[in-house]
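Engineer: Below is the structure, and that's it, no one-letter string:
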Ligand code: DGT
Ligand code: CA
Ligand code: CA
Ligand code: ZN
């Protein structure tokens with residue numbers, strides 16, 4: 001068993017112990033050890049062999065033994081026992097917003113709640129409101145949380161899907177006999193969340209490749225296994241399907257299994273209208289099979305320009321592709337810099353210098369530092385004095401390091417207060433090169449009040465861009481109630497930009513509203529909301545959202561040269577004069 005999987009088990013053990021009400025320090029020790037395993041400098045096996053693992057902070061002697069056992073045998077009796085003794089439904093309850101191990105333990109003791117169904121019926125019968133530490137409001141929130149969880153089902157984030165799919169794809173692609181291979185389905189379309197993984201290979205004889213697939217170490221269970229298709233359940237609980245076809249069939253299968261279903265149906269209708277039939281193996285016209293070597297030729301055969309997977313949702317791509325080649329969608333390499341990034345001045349994990357170095361290493365030409373403002377006390381928001389000190393620190397960094405190829409910008413992620421005013425006085429805001437304005441509090445305002453609040457902020461000439469406009473957390477929390485069209489309209493008038501927050505948990509704005517914002521002439525900026533140097537890589541997911549919205553490089557603010565971006569920021573700032 002490898003380090004990431006062992007880390008996951010240790011985390012689960014910590015949680016299981018918490019659910020039993022064990023000593024908090026003992027529980028914490030498991031979570032700390034899990035974190036330590038994730039950040040291991042060397043190969044886990046080697047560190048077990050030479051014993052150096054026991055010296056890693058967070059891993060004591062007891063946990064060392066457990067890790068060693070898991071690594072060598074993949075089993076651990078104390079883990080199995082914990083799982084046996086805990087009702088399986090109890091862990092599910094942790095997904096309900098607001099329910100932690102302590103509250104779950106209390107619910108179990110008071111009302112014998114051992115799973116989602118118990119929780120729902122207790123809440124519906126009003127039994128939770130009366131419990132000490134709960135109340136009617138919490139009970140209502142629990143009911144809403146259950147509804148949300150049921151609506152998202154077992155989907156996972158795009159980032160998690162990618163992490164799971166990549167090693168399987170690499171393993172399959174390199175099998176002897178494989179001619180072409182591709183990841184298909186919603187992951188190829190870069191959907192916000194992913195139901196299951198779909199892989200496709202072509203080979204003269206796919207059967208041995210399918211045999212190898214079901215035998216991969218990350219496979220926990222084989223659901224189906226035939227000569228051309230197999231389905232497995234990965235250890236993480238995610239399903240993965242693999243199809244094998246002949247190389248002649250590959251373009252048709254690739255198109256079919258990429259979807260979306262709605263896009264496929266429209267394609268098939270199009271083929272029928274031309275007297276042909278289309279399925280996952282072939283396009284067949286009146287004179288027999290129409291050979292296509294790749295997807296572009298398939299689209300061409302149906303009178304269409306190539307449609308990138310991100311646009312295949314039957315939301316206008318056919319009309320566009322009938323008119324001629326589609327505009328070239330933005331790519332991560334088009335980004336020249338980015339703005340919404342945190343450092344250890346507030347709740348980031350890296351120093352200003354480290355963030356600058358990481359941005360430079362990624363080939364960016366500028367980086368905006370935007371730590372939290374003073375109202376965001378939970379996130380180490382900067383007091384006025386600290387904000388001024390950071391402005392000086394950025395100036396100093398620029399004096400020492402900046403050249404015409406790279407510089408830092410002074411920014412802030414300034415809270416939008418409940419009344420729509422900003423968290424710093426104007427003279428402090430004027431010290432920044434730009435201002436990201438975001439909502440981090442009072443999420444439950446009525447829709448009208450929330451809309452008025454955000455519109456007021458967007459109209460403020462000191463606001464350069466709106467951060468994570470809806471506050472949603474994918475698979476965890478809906479956004480707050482807000483009229484986004486009114487916000488987009490306000491931005492169109494004021495000239496403020498709107499962010500695509502590229503954090504894979506957020507992707508906020510979403511592609512549908514990005515499309516609308518672009519149509520209305522609002523500038524779009526892609527920001528990683530990075531809280532560490534590795535967080536900068538999340539830009540890729542924001543680019544995926546921009547692609548799904550049909551954006552080209554020219555549609556995105558942070559694709560311009562450093563010189564132009566500097567001038568554009570100054571111009572935006574001059575609105576306040
Ligand atoms: P997911 O897994 O829920 O995130 O979404 P997809 O799009 O990956 O859906 P999935 O895995 O059920 O199927 C993969 C692709 O196969 C899908 O995008 C289109 C195609 N497909 C599946 N079922 C049907 C169907 O009933 N009709 C058509 N036309 N295509 C289908
Ligand atoms: Ca899928
Ligand atoms: Ca599937
Ligand atoms: Zn934020």
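Structural biologist: Received it, and whenever you're ready, just let me know what you need. The structure presented is a predicted model; accordingly, all values stated were derived computationally and were not measured. Numbering: from 1, shown residues only. Ligands and ions are numbered 1, 2, ... in the order given.
Engineer: can you tell me which residue is nearest the centre of the chain?
Structural biologist: residue 504 (1.4 Å; Cα atoms, centre = their mean).
Engineer: nearest residue to it other than its sequence neighbours?
Structural biologist: residue 159 (3.7 Å; Cβ to Cβ, 6 or more residues apart in numbering). The way it works is simple: take the backbone N, C-alpha and C, and place the C-beta from them, glycine included.
Engineer: Tell me if stretch 300-312 is near ligand 1.
Structural biologist: No - between stretch 300-312 and ligand 1, judged by Cβ under 6 Å from any ligand atom, nothing touches; the nearest distance is 8.4 Å.
Engineer: In that stretch, which residues are buried?
Structural biologist: Within stretch 300-312, the residues scored as buried using 16 or more other Cβ atoms under 10 Å are 301-302, 304, 307-312.
Engineer: tally of neighbours for the closest residue to ligand 1 within the stretch 1-150 of the chain?
Structural biologist: The nearest approach of the stretch 1-150 of the chain to ligand 1 comes at residue 150, 15.8 Å away (Cβ to the nearest ligand atom). By other Cβ atoms under 10 Å, 10 other residues sit near residue 150.
Engineer: That one: what's it in contact with?
Structural biologist: Contacts for residue 150 were tallied using Cβ atoms under 8 Å, 6 or more residues apart in numbering; there are none.
Engineer: Flag every residue of the stretch 451-577 of the chain that's near ligand 1.
Structural biologist: Contact residues (Cβ under 6 Å from any ligand atom) of the stretch 451-577 of the chain with ligand 1: there are none.
Engineer: Can you classify the residue of the stretch 451-577 of the chain found nearest ligand 1 by secondary structure?
Structural biologist: Distances between the stretch 451-577 of the chain and ligand 1 by Cβ to the nearest ligand atom are smallest at residue 475, namely 12.4 Å. Following DSSP: H, G, I helix; E, B strand; the rest coil, residue 475 is assigned to coil.
Engineer: Quickly find the element holding the residue nearest to residue 504.
Structural biologist: Taking DSSP states H and E as the criterion, residue 159 maps to helix 158-173.
Engineer: Look up phi and psi at residue 401.
Structural biologist: phi -120, psi -30 (degrees, to the nearest 10).
Engineer: can you check the one 10 residues further on too?
Structural biologist: In this entry, residue 411 is assigned phi and psi values of phi -140, psi 180 (degrees, to the nearest 10).
Engineer: ok, the residue of the stretch 451-577 of the chain closest to ligand 1 touching residue 156?
Structural biologist: Yes - between residue 475 and residue 156 there is a contact under Cβ atoms under 8 Å: 7.5 Å.
Engineer: Which one's more surrounded, those two?
Structural biologist: Between residue 475 and residue 156, counted using other Cβ under 10 Å, residue 156 has the larger neighbour count: 22 against 19.
Engineer: Under the pLDDT cut-off, which ranges of this protein? List them.
Structural biologist: Low-confidence segments of the chain (pLDDT under 70): none present.
Engineer: quick one: the residue of the stretch 301-450 of the chain found nearest ligand 3 and ligand 2, what's the gap?
Structural biologist: Nearest residue of the stretch 301-450 of the chain to ligand 3: residue 309, at 15.0 Å (Cβ to the ion). In this view, residue 309 and ligand 2 are 12 Å apart by Cβ to the ion, to the nearest Å.
Engineer: number of nearby residues for residue 25?
Structural biologist: For residue 25, the tally of surrounding residues (other Cβ under 10 Å) stands at 8.
Engineer: buried sites along the host helix or strand of it?
Structural biologist: Using DSSP H and E, the element containing residue 25 is helix 24-38. Judged by neighbour count using 16+ other Cβ under 10 Å, the buried positions of helix 24-38 are 27, 29-34, 36-37.
Engineer: tell me the strands in the stretch 251-400 of the chain, going along the chain?
Structural biologist: Using DSSP state E, counting those that start in this stretch, the strands of the stretch 251-400 of the chain run over 277-278, 283-285, 288-289, 337-338, 366-372.
Engineer: Just send the ones you listed back as JSON lines, with distance to residue 417 and mean neighbour count too.
Structural biologist: Output for those, formatted as JSON lines (distance: least, Cβ to Cβ, whole Å; neighbours: other Cβ atoms under 10 Å):
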{"stretch": "strand 277-278", "distance to residue 417": "55", "mean neighbour count": "18"}
{"stretch": "strand 283-285", "distance to residue 417": "59", "mean neighbour count": "18"}
{"stretch": "strand 288-289", "distance to residue 417": "65", "mean neighbour count": "10"}
{"stretch": "strand 337-338", "distance to residue 417": "26", "mean neighbour count": "26"}
{"stretch": "strand 366-372", "distance to residue 417": "13", "mean neighbour count": "27"}
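Engineer: Dump those to CSV, plus distance to residue 67.
Structural biologist: As requested, these are exported to CSV (distance: least, Cβ to Cβ, whole Å):
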stretch, distance to residue 67
strand 277-278, 52
strand 283-285, 54
strand 288-289, 56
strand 337-338, 37
strand 366-372, 36
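Engineer: Determine which of the ones you listed approaches residue 23 most closely.
Structural biologist: strand 366-372 (33.4 Å; Cβ to Cβ).
Engineer: Show me the beta-bridge partners of the residue of the stretch 201-350 of the chain found nearest ligand 3.
Structural biologist: Closest to ligand 3 within the stretch 201-350 of the chain is residue 241: 4.4 Å, counting by Cβ to the ion. Residue 241 forms beta bridges with residue 198, residue 231, as assigned by DSSP bridges.
Engineer: For it, which residues are in contact?
Structural biologist: Contacts of residue 241 (Cβ under 8 Å, 6+ apart): 185, 196-199, 229-231.
Engineer: For the residues you listed, work out which two are farthest apart.
Structural biologist: Longest distance between any two of the contacts of residue 241 is 14.9 Å, between 185 and 230; criterion Cβ to Cβ.
Engineer: Can you get me a residue count around residue 114?
Structural biologist: Here the count is done by other Cβ under 10 Å, and residue 114 has 18 residues near it.
Engineer: most distant residue from the middle of the chain?
Structural biologist: Farthest-from-centroid check, the chain (Cα atoms, centre = their mean): residue 287, 46.7 Å.
Engineer: mind checking how far that residue is from residue 275?
Structural biologist: Look at residue 287 and residue 275: by Cβ to Cβ, to the nearest Å, they are 10 Å apart.
Engineer: quick one on the thing from earlier: reformat the contacts of residue 241 as JSON lines; add distance to residue 571 and neighbour count.
Structural biologist: Putting those into JSON lines (distance: Cβ to Cβ, whole Å; neighbours: other Cβ atoms under 10 Å) gives the following:
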{"residue": "185", "distance to residue 571": "43", "neighbour count": "23"}
{"residue": "196", "distance to residue 571": "47", "neighbour count": "18"}
{"residue": "197", "distance to residue 571": "45", "neighbour count": "24"}
{"residue": "198", "distance to residue 571": "46", "neighbour count": "23"}
{"residue": "199", "distance to residue 571": "48", "neighbour count": "23"}
{"residue": "229", "distance to residue 571": "57", "neighbour count": "14"}
{"residue": "230", "distance to residue 571": "57", "neighbour count": "24"}
{"residue": "231", "distance to residue 571": "55", "neighbour count": "19"}
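Engineer: buried ones in the helix or strand containing residue 12?
Structural biologist: Assigned by DSSP H and E, residue 12 falls within helix 3-19. For helix 3-19, a neighbour-count test (16+ other Cβ under 10 Å) marks 3, 5-19 as buried.
Engineer: Setting aside sequence neighbours, what's the nearest residue to residue 115?
Structural biologist: Excluding the flanking residues, the one nearest residue 115 by Cβ to Cβ, 6+ apart is residue 89, at 2.4 Å.
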